[in-house]
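Participant: below are the sequence and a predicted model; questions follow.
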Amino acid sequence: GRRPLARMERSRPCHGSPARVALAAVLATCWSWPGPCGAAPVWARGVEVCSGEGWRRLHDVLATAFHHTDYTDMFLSDLNDLTESSPGLEWYKAHYQECVEGFLSLILYFSIHNKERQAALLDLASTTARELNPLALQSGLSTWPLFGLLDQLHLIWQSGERAVPLATEPWHLPPCDAPVPGVISPLLAALHVGTPDVSPFSLVRGLRPGALVVDAGVFDGTDWSLFSVLAGAIVLGFEPLATNRALIEERFPPALESLRPGATLDPEGRRCRRHTLLPVAPGEGAPRLAWGDVFPPRPVGEEPRACERLPGEAPGHTFVIGAALGERVRGLNMTTRFDYSSVADQGYLKGPKDMRNEEVAMTTLDEVFFGYLAESGRSPSPGIDVLKVDVEGYEMGALRGAEQLLASGRVHYLVLEFHPGMLGSTGTDPLGLLEFLRHYCFLCHSLKIHRPYSLRDFVARYTSSREVLPVQGLGAIEDLVCQNLAWEPPPPLPPRQRRA
């Protein structure tokens, strides 16, 4: 996509040209969406990126500027031809979503050549880049020149506001004496050769009755929570969105009944509940309903009443706390959609048009475990048998908020969605996250590899090309099963212990 050198040599430098200054001024007025320069982004799937003669010609000019000129001093007049005549600046503005990378490159080029409006243009560039994957841009996977200005853009957003990237450095000493190998292991895949239905759900099938499972990211409750309850476990679920909690009420009971007929009936044949919803007010760290009032489950309160566990009975109970798990207690606005919801903005996934914000609570697992549960004197377990974290890119935030639990060795198994593209939307370094887990004595296993990989090489499998880490779109993803090599049955929780 480079211009012939002869054409480049015929291009005239346009230092201070009125046309260039005027174009930069128009772009600089477009500092937010929606705004005077166009409507809010249209979230549509399946759009072919950068097709059309107008975008190809623009790429040709900008690539020439980047590769064959001193682009900080020389402005190519060819760009004026594209923006003033055909197809024209208005066309690029109207069609920018066909090639967000190209529009970003255009803005960055003009920001170099208009110092007076450079700050406004870089703000516009940051806003435009919200529709691109931050990690893909930082990994050099854009096919458009960014003119060395990527580090001047703000790439991490939450509910339309600029957010701070999540750090991955551990803050506590580990519970193990010897370091854990710095590899991702294929062991689980090797153990289950010839068993096509193996999955991380295998962990819950063998749980002892009364085991404690934490399900961060419940959605409708029909996967981890469901199978854990069937195994007789107590589940602490975290689901911040009211729409998803309504889905739990709708879908969880029939799903449970379909797999275990009679599981939602008491001994007299009356309908009973295997789930309890515990709302949390935004800004608060725990439900207002005391844990001792709901645990152990018993047939009291609103109808249908909670199912009471009978001697020799397997099905357990899930308690769904109405909060997101993160690094601190706070209230926040969360962008909602049907197929995923994340604390971080993820415009590169091109969601539906009717996405909206919902004010929700965020708490930490340490706050719930060492405060809410421990203060009741009725914690279901001193440790967590399985901690499942699937929070659409905010995994590092959830782990940071559980760091006291990790440092005290109270988590046996961790099942983690590993999706570098989504991690990038929170500023999380994927390698740093794996090193964080290694620090706290976890050896992680993959079901998609057939030999050990170093942590760095494993991350490279997910960040080395646009096929696995597209600038727009979902990208490669998998669940890692991580085992705490320092695990020992933990001592009881001290009463009324508070998070440090």
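Facilitator: Done, it's in.
Participant: and the nearest residue to residue 53 once chain neighbours are set aside, what element?
Facilitator: Closest residue to residue 53 apart from its sequence neighbours, by Cβ to Cβ, 6 or more residues apart in numbering: residue 87 at 7.9 Å. For the C-beta atoms, the positions are set from N, CA and C on the backbone; glycine is no exception. Taking DSSP states H and E as the definition, residue 87 sits outside all helices and strands.
Participant: residue 87 contacts residue 55, doesn't it?
Facilitator: No - when contacts are counted by Cβ atoms under 8 Å, residue 87 is not listed as touching residue 55 (9.1 Å).
Participant: higher neighbour count, these two?
Facilitator: For residue 87 versus residue 55, the count of surrounding residues by other Cβ atoms under 10 Å is larger for residue 55: 21 against 17.
Participant: do you know how far the closest residue in space to residue 401 that isn't next to it in sequence is from residue 329?
Facilitator: The shortest distance from residue 401 to any non-neighbouring residue, by Cβ to Cβ, 6+ apart, is to residue 364 (3.1 Å). According to Cβ to Cβ, to the nearest Å, residue 364 and residue 329 sit 6 Å apart.
Participant: same question, residue 210
Facilitator: Separation of residue 210 from residue 329 (Cβ to Cβ) stands at 28 Å.
Participant: when these two are compared, which one has more neighbours?
Facilitator: Neighbours per residue (other Cβ under 10 Å) separate residue 210 from residue 329, with residue 329 holding more: 20 against 14.
Participant: on the pLDDT front, check that one for me.
Facilitator: The score at residue 329 is 98. That number is its pLDDT.
Participant: could you do the one 3 residues further on as well?
Facilitator: According to the predicted model, the pLDDT of residue 332 comes to 93.
Participant: do residue 81 as well
Facilitator: pLDDT, read off for residue 81, is 86.
Participant: neighbours of it, how many?
Facilitator: 14.
Participant: three-state assignment of it?
Facilitator: helix (DSSP: H, G, I helix; E, B strand; the rest coil).
Participant: quick one: it from residue 371, how far?
Facilitator: For residue 81, the distance to residue 371 - Cβ to Cβ - is 65 Å.
Participant: please apply the same query to residue 272.
Facilitator: Taken as Cβ to Cβ, the span from residue 272 to residue 371 is 29 Å.
Participant: tell me where the stretch 351-500 of the chain has strands.
Facilitator: With strands called from DSSP state E, counting those that start in this stretch, the stretch 351-500 of the chain shows them at 356-363, 384-389, 411-418, 442-445, 453-454, 478-484.
Participant: the last one pairs with which strands, and in what direction?
Facilitator: On the basis of DSSP bridges, the sheet neighbours of strand 478-484 come out as strand 411-418 (antiparallel), strand 442-445 (antiparallel).
Participant: can you give me the offset of that strand from its chain's centre?
Facilitator: 17 Å (Cα atoms, centre = their mean, to the nearest Å).
Participant: between that strand and strand 384-389, how many degrees?
Facilitator: Interaxial angle, strand 478-484 versus strand 384-389 (axes from the mean of the first three to the mean of the last three Cα atoms, to 10 degrees): 150 degrees.
Participant: now do the first one
Facilitator: Computed by the same axes, to 10 degrees, the angle separating strand 356-363 from strand 384-389 equals 150 degrees.
Participant: can you list the buried residues in strand 356-363?
Facilitator: By 16 or more other Cβ atoms under 10 Å, the buried positions in strand 356-363 come out as 358, 360, 361, 362, 363.
Participant: so what does residue 161 have for phi and psi?
Facilitator: Note on residue 161: its backbone torsions stand at phi -110, psi 150 [degrees, to the nearest 10].
Participant: what's the neighbour count on it?
Facilitator: Neighbour number of residue 161 under other Cβ under 10 Å is 9.
Participant: show me what contacts the nearest residue to residue 369 once chain neighbours are set aside?
Facilitator: Once flanking residues are discounted, residue 369 sits nearest to residue 405: 6.0 Å by Cβ to Cβ, 6+ apart. Residue 405 is in contact with 365, 366, 369, 370, 384, 411, counting by Cβ atoms under 8 Å, 6 or more residues apart in numbering.
Participant: what do you get if the cut-off is 10 Å, keeping everything else the same?
Facilitator: 214, 364-366, 368-370, 383-384, 387, 399, 411, 440, 490, 499 (Cβ atoms under 10 Å, 6 or more residues apart in numbering).
Participant: quick check on those: which are buried?
Facilitator: Looks like the contacts of residue 405 have 214, 364-366, 368-370, 383-384, 387, 399, 411, 440, 490, 499 buried, using 16+ other Cβ under 10 Å.
Participant: right, and out of these, which lies closest to residue 286?
Facilitator: The closest of the buried ones among the contacts of residue 405 to residue 286 turns out to be residue 368 (Cβ to Cβ; 6.1 Å).
Participant: does the closest one touch residue 324 like I think?
Facilitator: No - applying Cβ atoms under 10 Å, one finds residue 368 not in contact with residue 324, separated by 11.9 Å.
Participant: can you list residues touching both of the two?
Facilitator: Joint contacts of residue 368 and residue 324 (Cβ under 10 Å, 6+ apart) are 238, 280, 401.
Participant: tabulate those residues (JSON lines), appending pLDDT.
Facilitator: Shown next, in JSON lines, are those (pLDDT from 0 to 100):
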{"residue": "238", "pLDDT": "98"}
{"residue": "280", "pLDDT": "98"}
{"residue": "401", "pLDDT": "98"}
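Participant: filter those to the buried ones?
Facilitator: Counted by 16+ other Cβ under 10 Å, the shared contacts of residue 368 and residue 324 give 238, 280, 401 as buried.
Participant: which regions of the stretch 1-150 of the chain sit below the pLDDT cut-off?
Facilitator: 1-49 (pLDDT under 70).
Participant: ok, the closest residue to residue 170 other than its chain neighbours - how many residues close by?
Facilitator: Leaving aside its chain neighbours, residue 170 sits nearest to residue 439 (4.4 Å; criterion: Cβ to Cβ, 6+ apart). Residue 439: 20 surrounding residues under other Cβ under 10 Å.
Participant: give the contact list for residue 439.
Facilitator: By Cβ under 10 Å, 6+ apart, the residues touching residue 439 are 168, 169, 170, 171, 172, 173, 174, 176, 179, 180, 406, 407.
Participant: same question for residue 276.
Facilitator: Residues near residue 276 by Cβ under 10 Å, 6+ apart: 237, 287, 289, 294-295, 297, 301-302, 306, 317-321.
Participant: just say helix, strand or coil for it.
Facilitator: With three-state DSSP as the criterion, residue 276 reads strand.
Participant: is it in a bridge, and if so with what?
Facilitator: Following DSSP bridges, residue 276 is listed with bridge partners residue 319.
Participant: what about it, distance to residue 372?
Facilitator: 14 Å.
Participant: got it, and residue 73?
Facilitator: 61 Å.
Participant: same check, this time on residue 74
Facilitator: According to Cβ to Cβ, residue 74 and residue 372 sit 63 Å apart.
Participant: more neighbours, the two?
Facilitator: Neighbours were counted for residue 74 and for residue 372 using other Cβ under 10 Å; residue 372 has more, 20 against 16.
Participant: how about the closest residue to the more buried one other than its chain neighbours, what does it touch?
Facilitator: Leaving aside its chain neighbours, residue 372 sits nearest to residue 286 (3.9 Å; criterion: Cβ to Cβ, 6+ apart). The contact partners of residue 286, taken as Cβ under 10 Å, 6+ apart, are 278, 280, 321, 323, 329, 361, 363, 367-368, 371-373, 375.
Participant: quick check: pLDDT value at residue 286.
Facilitator: pLDDT, read off for residue 286, is 97.
Participant: give me phi/psi at it?
Facilitator: Residue 286 adopts backbone torsions of phi -160, psi 160, taken as degrees, to the nearest 10.
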